[in-house]
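1. Here is my input; please provide its structure:
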Amino acid sequence: MATIAVASTLPGGLSTSSSSLIRRTANPHPNVWDYDFVQSLKSPYTDSCYGERAEKLIGEIRVMLSGEGDELMVTPSAYDTAWVARVPAIDGSSTRPQFPQTVDWILKNQLKDGSWGIESHFLLSDRLLATLSCVLALLKWKVGDVQVEKGVEFIKSKLEEIKDENDQDSLVTDFEIIFPSLLSEAQCLGLGLPYNLPYVTLLHTKRQERLANLSKEEIQSGTLLSSLEGIQEMVEWERIMDLQSQDGSFLSSPASTACVFMHTGDMKCLQFLNYVLAKFGSFVPCLYPVDLLERLLMVDSIVRLGIDRHFEKEIKEALDYVHRHWNERGIGWGKLDAIADLEITALGFRLLRLHRYKVTPAVFENFKDSNGHFFCSASQFNRDVAGMLSLYRASELAFPAENILDEAKSFTSTYLKEALEKTEIFTAWNSKQNLSEEIKYALQNSWHASVSRLEAKRYCQVYRSDCARIAKSVYQLPKVQNQKILELAKLDFNIIQAIHQKEMKNVTTWFKHSEFPLLPFGRQRPVECFFIVAAGTYEPQYAKCRFLFSKVACLNTVLDDMYETYGTLDELKLFTEAVRRWDLSLTENLPDYMKLCYKVFYEIVHEVVREAEKEQGRELLSFFRKGWEDYLLGYYEEAEWLASEYVPSLEEYIKNGIISIGQRILLVSGVLLMEGQILSQEALEHLDYPGRRVLTELNCIITRLADDIHTYKAEKARGELASSIECYMKEHPGSTEEVAVNYMYSVLEPAVKELTWEFLKPDDTSDVDIPILIPFQCKKMLMEETRVTMVIFKEGDGFSISKTKIKDYIKECLIEPLPL
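-> Coordinates of the predicted model:
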């Protein structure tokens, strides 16, 4: 136990009660944020020109999201356009195409190197597939001899460069099925390509192996439904019509639908092709419609970039649309898709749940194989990884008793860890898409232990306005990956940071001129206290909430140090009683340092009460008095345990610990100060009710256990015997620290799920006739503070020792702007 001999007078002339008293010291690490440094911060983003630019961008993006802009929904697919171009005229003439505009498009859109595809994104499998498909379409109509020659030369040169699989980049969907079939067709036409290359032979072998394991029943159930053109010899064309989507397509694929039409003459297929060409003119995309996918990816980008508050109407309209078309089997790219897609279903589930729509995770039962395992193929690496990553993120939002999400999290975490060890993850394409980094980050940073402002900044840094996705072709969704959205996100982050810097200066100035620096036993953490609230409740209108929350957090820190390490038991008894009496004039028996501490306490609490009463329009002093009294009584009980070296039962420790952690009084101080967020007494009791597992109580449980799990060794070294770990080991003689820690996790994890439920449960789940309206921003403030707290205790006591990762987080969040 660290001790110091304390002189009779502290700095500032404050007297202690004994001239030679030996006291424990808090042994505080020095404050890492120099006052002058904080005051020197100067952001250029306070200039009105940046705000004006942001407002202009918001307006332009709203127009784009409303569908009034000129942006394409999805980029052209040369591969699919070539298949549509093959369709002969339906008047019986086999010498001309039904869609001559597609042939013209192919002739006009060959790239300089002789290939077809998106010029800005080179992926060899995409270019090979598109180019050979375009060449075959031109050969069918005996046009474009020059283009055919250039296309053949491109294919020959690129195939000859590939010695084995290690030379190949990521593959577009079903490449090893479709490309060999096109090569066979080309060979029958006498096209001069290197058909005997080892790599070509390998592709034919892999195609045979994959098809050998594919039954006709599996084709009928949806496998390869979007790639029927690659397995024409296996398809029973009459039976396959049972899987046609309502819009006439086959899994939204123009190529697959065109192929089916050429075999069957089905008029619904033709109607679909006419519909797509009416939308896009002379070309078709690789997928259409993509109404669900586009809306979900748009919402996901806006939310992750931290600019969702500007587009609440647009987000609601998009998610209302998705929810209307949500069903128990899952969803695909478009509302009429007959087959569900795991990546899109998991993304939809996560976003709908985050926005409090009613969705059940039972939908994921549809993505299990006959053995009850989540399905993933052996040949679609990129698609499977995307699906598993999406499912992993969805599983983090589990409510209590949602066992399938526990299964999903276990399965996907194992799958993704193994994926990081495979060479496919490190292809040039995946490196450009930051795939391995996205997986690592997701596995290392759970949603519950992350900081929303830092998440937004990080996503700004990895977001690519030119990002492309892989299906059978490389494609882009311009509304989703958009330079204007990125510019707004960066501007918005920097403007908010500038506001926070001004507020942080106010907090540190207040702290410097307060009495707190006269109490040397206390940790001085004004910047950290501000970070705890600003990192989650960052919106400009909540400035008063952030300022007074920071004051209360600084007060809690000093009280924690006084009760845990500095005050004697007799002094603490006097201080606790003085709080119960709630009279500043009745502190004459306190030592001088406690008189000063009580004065600061009294002033801060009354300031919070005054401002909260103004905001809420009702009397709140009695509520706050009771909250502070309970909090300090909890502290005093722990002080008694420490003085007597008593280790309580685990139940006794946790019951008191969720009070003495101090989170409840801190949280309600913040939530009652949020501008425009009125909480009735009934609504407040649904957020905060001691002994009931609502948001504040669950926050206290989680914070108490997270604190103990990561700091118990350091606290034990300081002589503090009571922690949940020590209490468990006392009740279970012979158990190890590892066993005790694992038990605490088994208590913590259900509490996190309960917290998630309380935060995200739909508004209409109340068991009363007239639901009690709880402002969502209040629930969000409580949830965000919990997430920040879990980050702080993720690898130890990041609050007390803030020179670790927390220092970096504060720099990223509050000090260093994003380059535009």
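2. Could you count how many residues lie near residue 275?
-> For residue 275, the neighbour count with other Cβ atoms under 10 Å is 15. All C-beta spots, glycine's among them, are computed from the backbone N, C-alpha and C.
3. Kindly report the same for residue 567.
-> 27.
4. who are the neighbours in contact with it?
-> 575, 594, 639 (Cβ atoms under 8 Å, 6 or more residues apart in numbering).
5. repeat for residue 797
-> 707, 710, 711, 714.
6. Show me what counts as buried in whatever helix or strand the third one lives in.
-> Pointing back at residue 711 there. Element membership of residue 711 [criterion: DSSP states H and E] is helix 695-717. Residues 695-712, 715 are the ones in helix 695-717 that count as buried (16 or more other Cβ atoms under 10 Å).
7. Take it, keep the C-alpha atoms, and write them as PDB.
-> Output of helix 695-717 as PDB, limited to C-alpha atoms (Å, rounded to 0.1, in the frame of the first residue of the first chain):
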ATOM      1  CA  LEU A 695     -30.500   2.000 -19.000                       C
ATOM      2  CA  THR A 696     -28.700   3.800 -16.100                       C
ATOM      3  CA  GLU A 697     -28.700   0.700 -13.900                       C
ATOM      4  CA  LEU A 698     -27.300  -1.500 -16.800                       C
ATOM      5  CA  ASN A 699     -24.700   1.200 -17.500                       C
ATOM      6  CA  CYS A 700     -23.600   1.000 -13.900                       C
ATOM      7  CA  ILE A 701     -23.400  -2.800 -13.900                       C
ATOM      8  CA  ILE A 702     -21.400  -2.800 -17.200                       C
ATOM      9  CA  THR A 703     -19.000   0.000 -16.000                       C
ATOM     10  CA  ARG A 704     -18.400  -1.600 -12.600                       C
ATOM     11  CA  LEU A 705     -17.600  -5.000 -14.100                       C
ATOM     12  CA  ALA A 706     -15.500  -3.600 -17.000                       C
ATOM     13  CA  ASP A 707     -13.600  -1.500 -14.500                       C
ATOM     14  CA  ASP A 708     -12.900  -4.500 -12.200                       C
ATOM     15  CA  ILE A 709     -12.000  -6.900 -15.000                       C
ATOM     16  CA  HIS A 710      -9.300  -4.600 -16.400                       C
ATOM     17  CA  THR A 711      -8.100  -2.800 -13.200                       C
ATOM     18  CA  TYR A 712      -8.300  -5.300 -10.400                       C
ATOM     19  CA  LYS A 713      -4.600  -6.100 -10.400                       C
ATOM     20  CA  ALA A 714      -3.500  -2.500 -10.100                       C
ATOM     21  CA  GLU A 715      -6.100  -1.800  -7.400                       C
ATOM     22  CA  LYS A 716      -5.000  -4.900  -5.500                       C
ATOM     23  CA  ALA A 717      -1.400  -3.700  -5.600                       C
END
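8. Figure out how far the following helix or strand past that helix is from the centre of its chain.
-> Counting by DSSP H and E, the element after helix 695-717 in chain order, helix or strand, is helix 724-731. Helix 724-731 sits 35 Å away from the centroid of its parent chain (Cα atoms, centre = their mean, to the nearest Å).
9. go on, stretch 106-119?
-> 38 Å.
10. begin at 361 from here
-> I'll keep to 361 as the first residue from here, and by that count the last item is stretch 466-479.
11. Same question for that stretch: list its buried residues.
-> 466, 469, 470, 471, 473, 474, 475, 476, 477, 478.
12. Likewise for stretch 876-895?
-> Neighbour count says stretch 876-895 has 876, 878-895 buried, by 16+ other Cβ under 10 Å.
13. Pull the distance from that stretch to the chain's centre.
-> The answer for stretch 876-895 is 29 Å, by Cα atoms, centre = their mean.
14. quick one, helices of the stretch 661-810 of the chain?
-> 672-684, 702-714, 741-755, 763-779, 788-792, 795-804 (DSSP state H, counting those that start in this stretch).
15. in the stretch 461-610 of the chain, which segments are predicted with low confidence?
-> Within the stretch 461-610 of the chain, the stretches with pLDDT under 70 are 524-528, 575-583.
16. and with 80 instead?
-> Residue ranges of the stretch 461-610 of the chain with pLDDT under 80: 523-529, 573-583.
17. returning to that earlier point: most neighbours out of the contacts of residue 927, which is it?
-> Counting by other Cβ under 10 Å, top hit in these: residue 935 with 26 neighbours.
18. Surely that one and residue 953 touch.
-> No: using Cβ atoms under 8 Å, residue 935 makes no contact with residue 953, being 10.2 Å away.
19. any chance you could map the strands in the stretch 761-910 of the chain?
-> Ranges of strands in the stretch 761-910 of the chain, per DSSP state E, counting those that start in this stretch, are 829-830, 834-835.
20. how distant is the last one from the center of its chain?
-> In terms of Cα atoms, centre = their mean, the centre of strand 834-835 is found 24 Å from the chain centre.
21. With stretch 1116-1125 instead?
-> Counting by Cα atoms, centre = their mean, stretch 1116-1125 comes out at 18 Å from the chain centroid.
22. lowest-confidence helix or strand of the chain?
-> Lowest by mean pLDDT, DSSP states H and E among the helices and strands of the chain is strand 363-365, with a mean of 40.
23. who's in contact with residue 486?
-> Residue 486 sits next to 439, 477, 478, 532, 830, 833, 834 when contact means Cβ under 8 Å, 6+ apart.
24. same thing with residue 845?
-> Residue 845 touches 421, 661, 662, 665, 667, 825, counting by Cβ under 8 Å, 6+ apart.
25. What distance do you get for it to residue 1178?
-> Using Cβ to Cβ, to the nearest Å, residue 845 is found at 14 Å from residue 1178.
26. One more: residue 811?
-> 15 Å.
27. Pick out whichever of the two has more residues nearby.
-> Relative neighbour count places residue 811 above the other of residue 811 and residue 1178, with 24 against 18, counting by other Cβ under 10 Å.
28. hang on, isn't the more buried one packed against residue 1151?
-> Yes: taking Cβ under 8 Å as the definition, residue 811 is a contact partner of residue 1151 at 5.6 Å.
29. Any idea how many residues pack against residue 1169?
-> Count around residue 1169 with other Cβ under 10 Å applied: 21.
30. so it is in which element?
-> helix 1165-1170.
31. With only the CA atoms kept, save that helix in CSV.
-> Output of helix 1165-1170 as CSV, limited to C-alpha atoms (Å, rounded to 0.1, in the frame of the first residue of the first chain):
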residue,chain,number,x,y,z
LYS,A,1165,-4.4,4.9,-26.1
ILE,A,1166,-7.0,7.3,-24.6
LYS,A,1167,-4.5,10.1,-25.3
ASP,A,1168,-4.5,9.1,-29.0
TYR,A,1169,-8.3,8.8,-29.1
ILE,A,1170,-8.6,12.3,-27.6
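32. What's the mean pLDDT across the longest helix seen in the chain?
-> Assignment by DSSP state H gives helix 843-873 as the longest helix of the chain. Mean per-residue pLDDT for helix 843-873: 97.
33. those helices in the stretch 861-1010 of the chain, which residues are they?
-> For the stretch 861-1010 of the chain, helices defined by DSSP H, counting those that start in this stretch occupy the ranges 886-894, 903-921, 929-941, 952-976, 981-1004, 1010-1020.
34. Include distance to residue 681 when you put those helices into a markdown table, please.
-> Listed next are the helices of the stretch 861-1010 of the chain as a markdown table, based on distance: least, Cβ to Cβ, whole Å:
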| stretch | distance to residue 681 |
| --- | --- |
| helix 886-894 | 34 |
| helix 903-921 | 34 |
| helix 929-941 | 54 |
| helix 952-976 | 36 |
| helix 981-1004 | 42 |
| helix 1010-1020 | 42 |
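35. Including mean pLDDT and distance to residue 693, could those go into JSON lines?
-> As requested, these are exported to JSON lines (pLDDT from 0 to 100; distance: least, Cβ to Cβ, whole Å):
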{"stretch": "helix 886-894", "mean pLDDT": "96", "distance to residue 693": "39"}
{"stretch": "helix 903-921", "mean pLDDT": "96", "distance to residue 693": "42"}
{"stretch": "helix 929-941", "mean pLDDT": "93", "distance to residue 693": "61"}
{"stretch": "helix 952-976", "mean pLDDT": "95", "distance to residue 693": "46"}
{"stretch": "helix 981-1004", "mean pLDDT": "94", "distance to residue 693": "51"}
{"stretch": "helix 1010-1020", "mean pLDDT": "93", "distance to residue 693": "47"}
